[in-house]
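A.B. asks: predicted coordinates and the sequence they were generated for:
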Amino acid sequence: MLQLKRLVLDVLKPHHPDVLEFARAIAAQGKNYRVKVDVLEIDDQTQTLVVIVEGDDVHLDALVEAINEMSGSVHSIDGVEVWNCDAE
C-alpha cells in the first residue's frame with residue numbers, strides 16, 4: 001500500500017484568514033497531520049506560502065478543498081514523500 005507521507009505546496013491566499021488560522025484549518029483535515037507554513041511574499045492583497053503537510057496518510061484532495069474554501073489556491077506541488085507500506 002502506497003501512502004503519501006509528506007507534501008510541499010506553493011499556495012497563494014488572501015491576508016484573511018491569518019497564517020495561524022490557515023495552518024490550523026489544514027491540520028484539521030487529517031488525523032495526526034503536522035503542518036508548517038512559511039510566508040515567502042506579501043503584497044497588498046495576498047500572501048505566497050510554502051505549506052508542508054506531514055502525516056500517516058496525507059490526502060491531497062481534502063487539503064486542496066480546504067485551501068479553496070479559505071479563498072486560497074494551490075499553484076504547484078513542489079515536493080512529495082511516498083512510502084510503500086507493504087514492502088518488507
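C.D. replies: Done, it's in.
A.B. asks: all helices of this protein, in order?
C.D. replies: 19-27, 60-69 (DSSP state H).
A.B. asks: alpha carbons of the first one, in CSV - could you do that?
C.D. replies: Meaning helix 19-27. Once non-C-alpha atoms are left out, helix 19-27 reads as follows in CSV (Å, rounded to 0.1, in the frame of the first residue of the first chain):
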residue,chain,number,x,y,z
VAL,A,19,-1.4,32.2,8.7
LEU,A,20,-2.1,30.5,12.1
GLU,A,21,-5.8,30.0,11.4
PHE,A,22,-4.9,28.8,7.9
ALA,A,23,-2.4,26.2,9.3
ARG,A,24,-4.9,25.0,11.8
ALA,A,25,-7.6,24.5,9.2
ILE,A,26,-5.2,22.5,7.1
ALA,A,27,-4.1,20.4,10.1
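A.B. asks: list the buried residues for it?
C.D. replies: For helix 19-27, burial by neighbour count (16 or more other C-beta atoms under 10 Å) applies to 22-23, 25-26. The way it works is simple: take the backbone N, C-alpha and C, and place the C-beta from them, glycine included.
A.B. asks: one more: the longest one?
C.D. replies: Buried residues in helix 60-69, defined by neighbour count with 16+ other C-beta under 10 Å: 63-64, 66-67.
A.B. asks: now the two most distant members of these.
C.D. replies: Pairwise distances across the buried residues of helix 60-69 (C-beta to C-beta) peak at 7.4 Å, for the pair V64 and A66.
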